[in-house]
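>>> can't give you the sequence, but here's the structure:
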């Protein structure tokens, strides 16, 4: 799926894209030690794999293989 396709879905309020900064802001407020530990693991994985999290549903006809 191309970045432009994700941008279109965000503009139409169909999905929310969560970057590392947004994830940190959302879960960083948690005081639980377990949550903070998991947050560190999640952020490391996102950075290592150059990932973002997508909240919402993407219809099957919008998904295609990236080359």
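Thanks, I have it. All figures in this text were calculated on a predicted structure; none of them were measured in a lab.
>>> And the residue nearest the centre of the protein?
Centroid-nearest residue in the chain: residue 53, 1.3 Å away (criterion: C-alpha atoms, centre = their mean).
>>> So what does that one look like in phi/psi?
Here is the backbone geometry of residue 53 (degrees, to the nearest 10): phi -100, psi 140.
>>> How about the contacts made by it?
Each residue near residue 53 by C-beta atoms under 8 Å, 6 or more residues apart in numbering is listed here: 17-18, 23, 46. (C-beta placed from N, C-alpha, C; glycine too.)
>>> ok, now residue 19?
Counted by C-beta under 8 Å, 6+ apart, residue 19 has contacts residue 52.
>>> just to revisit the earlier point, any idea which of the contacts of residue 53 is the one closest to residue 36?
Distance to residue 36 across these (C-beta to C-beta) is lowest for residue 23, with 12.5 Å.
>>> pLDDT wise, what is the closest one at?
We have a pLDDT of 90 for residue 23.
>>> From residue 13, how far out is it?
20 Å (C-beta to C-beta, to the nearest Å).
>>> Neighbours of residue 13, how many?
By other C-beta atoms under 10 Å, the residues close to residue 13 number 8.
>>> for it, phi and psi?
phi 60, psi 30.
>>> and if you look at the one 5 residues further on?
When quoted as degrees, to the nearest 10, the phi and psi of residue 18 stand at phi -110, psi 110.
>>> before we move on, back to that, in the sheet, who's paired with the residue nearest to the centre of the chain?
Beta-bridge pairing for residue 53 (DSSP bridges): residue 18.
>>> Now do the same for it: its pLDDT.
Looking at residue 53, the pLDDT reads 91.
>>> same deal with residue 66?
69.
>>> what's the helix or strand for residue 16?
Element membership for residue 16, per DSSP states H and E: strand 15-18.
>>> Now that strand: buried residues?
The neighbour-count criterion (16 or more other C-beta atoms under 10 Å) identifies 15, 18 as the buried residues of strand 15-18.
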